[in-house]
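Asker: the sequence and its predicted three-dimensional model are supplied below.
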Amino acid sequence: IPVAVTTFMALGAYHLLKYNILTKQPQTVEALGSATVICVDKTGTLTENRMQITELYNYKDNKITDTSDKEITEESNRELINYSKYASEPEVFDPMEMAIEDLFKLSGDKDFLKQLKMIKEYPLSGKPPMMTHIYSNGKEIITSCKGAPEGIINVSGISEDEKEKIGTVINGFAEKGLRVLGVAKADFQNKNFLADQREYKWNFLGLIALSDPPKKNINKVIDDFYRSGIDVKMITGDFPVTAKSISRQIGIKNPERILTGEEIVH
């Protein structure tokens, strides 16, 4: 019996290997064989996790600028780029911040950044999340933040009419499948730091929109799941409209049916 069982398992493993499946635990295959739903992350799983800033929205000029592979020269747009970099980690590792770094190297004020030293950091937190960095060059203090656009807008003291106008821009970006970040600055010239980053008097600068294209073979993978009788659910922290757009692109069924975290909690 031990020889028969071992042979049976070896033949099973050989059969799976012909389909490019390497299995360490047989129980995993058994569980997968009875699965009816698979929940997958979006970034890096369904998409390439290779982000690039493709568009900017400058609030001051009420203007959208295509940034693809070109240097940005308008001063107001360069301010938006600079402050998005100031609000990023000095040593970048996150794909979004890598994309910001790439655009900053092309169009940002690199010499001024070299003069700055970070004196206060508020890590990514809150709901909607945002993060704040405060720098000094010995002469002035630079205070910048970036995060979920709705959060940045809410702390910037913008009127409801202006919020609606910006919301239209955000939806336009999201419908293209772009990920959107808001950027703001504060005029704060002392070192008596406030307890909460949301307490600063923020001035909204604009939005940066990032593309993260779907993986080339992902449509076939999704289709294979459906043909195997397994339903696919995407889980992401992205803006709902962005998630809906990506779902359509990769072939997830019923992309309009979205369940938010708040709806799950309540």
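Answerer: Now that the structure is in, tell me what you want to look at. Numbers count the residues shown, from 1 in each chain.
Asker: what are the ranges of the helices in the stretch 151-266 of the chain?
Answerer: Secondary structure of the stretch 151-266 of the chain (DSSP state H, counting those that start in this stretch): helices at 160-175, 218-227, 240-250, 261-265.
Asker: ok, the closest residue to Thr242 other than its chain neighbours - contacts?
Answerer: Counting by C-beta to C-beta, 6 or more residues apart in numbering, Thr242 lies nearest to Ala174, which is 4.3 Å off, once chain neighbours are set aside. From N, CA and C alone the C-beta is placed, and that goes for glycine too. Shown in contact with Ala174 (C-beta atoms under 8 Å, 6 or more residues apart in numbering): Val180, Phe239, Pro240, Val241, Thr242, Lys244, Ser245.
Asker: switch the cut-off to 7 Å
Answerer: Each residue near Ala174 by C-beta atoms under 7 Å, 6 or more residues apart in numbering is listed here: Val180, Phe239, Val241, Thr242, Ser245.
Asker: returning to that earlier point: by mean pLDDT, show me the worst of the helices of the stretch 151-266 of the chain.
Answerer: Here the lowest mean pLDDT among these goes to helix 261-265, at a mean of 82.
Asker: restricting to C-alpha, output that one in PDB.
Answerer: Extracted in PDB, the C-alpha atoms of helix 261-265 (Å, rounded to 0.1, in the frame of the first residue of the first chain):
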ATOM      1  CA  GLY A 261     -14.900  48.700   2.800                       C
ATOM      2  CA  GLU A 262     -17.300  51.000   4.600                       C
ATOM      3  CA  GLU A 263     -20.300  49.000   3.300                       C
ATOM      4  CA  ILE A 264     -18.700  45.800   4.500                       C
ATOM      5  CA  VAL A 265     -18.100  47.300   8.000                       C
END
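Asker: which residues are contacting it?
Answerer: Here helix 261-265 has no contacts from other residues, using C-beta under 7 Å, 6+ apart.
Asker: start at 403 instead
Answerer: Sure thing, new numbering starts at 403, so read that last one as helix 663-667.
Asker: for it, the distance to its chain's centre please.
Answerer: Computed by C-alpha atoms, centre = their mean, to the nearest Å, the chain-centroid distance of helix 663-667 equals 20 Å.
Asker: ditto for stretch 651-665
Answerer: Remark: stretch 651-665 is offset 17 Å from the chain centroid, using C-alpha atoms, centre = their mean.
Asker: before we move on, what about stretch 489-506?
Answerer: With C-alpha atoms, centre = their mean, you get 12 Å for stretch 489-506.
Asker: swap in stretch 502-511?
Answerer: 18 Å.
Asker: buried residues in it, which are they?
Answerer: Neighbour-count burial for stretch 502-511 flags Ile502, Glu503, Leu505, Phe506, Ser509, Gly510 (criterion: 16 or more other C-beta atoms under 10 Å).
Asker: kindly reformat the contacts of Ala576 as TSV and extend each row with distance to Glu562.
Answerer: Formatted as TSV, those follow (distance: C-beta to C-beta, whole Å):
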residue	distance to Glu562
Val582	20
Phe641	20
Val643	20
Thr644	23
Ser647	26
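Asker: just the buried ones from the residues you listed, in PyMOL syntax?
Answerer: Those of these that count as buried under 16+ other C-beta under 10 Å are selected in PyMOL with:
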select buried, resi 582+641+643+644+647
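Asker: list just the nearest of the contacts of Ala576 to Lys444.
Answerer: Relative to Lys444, the closest of those is Thr644; by C-beta to C-beta it sits at 9.0 Å.
Asker: can you tell me how far Met636 is from Asp625?
Answerer: 15 Å (C-beta to C-beta, to the nearest Å).
Asker: tell me where the stretch 503-652 of the chain has strands.
Answerer: Secondary structure of the stretch 503-652 of the chain (DSSP state E, counting those that start in this stretch): strands located at 519-527, 532-538, 543-549, 581-588, 604-613, 633-637.
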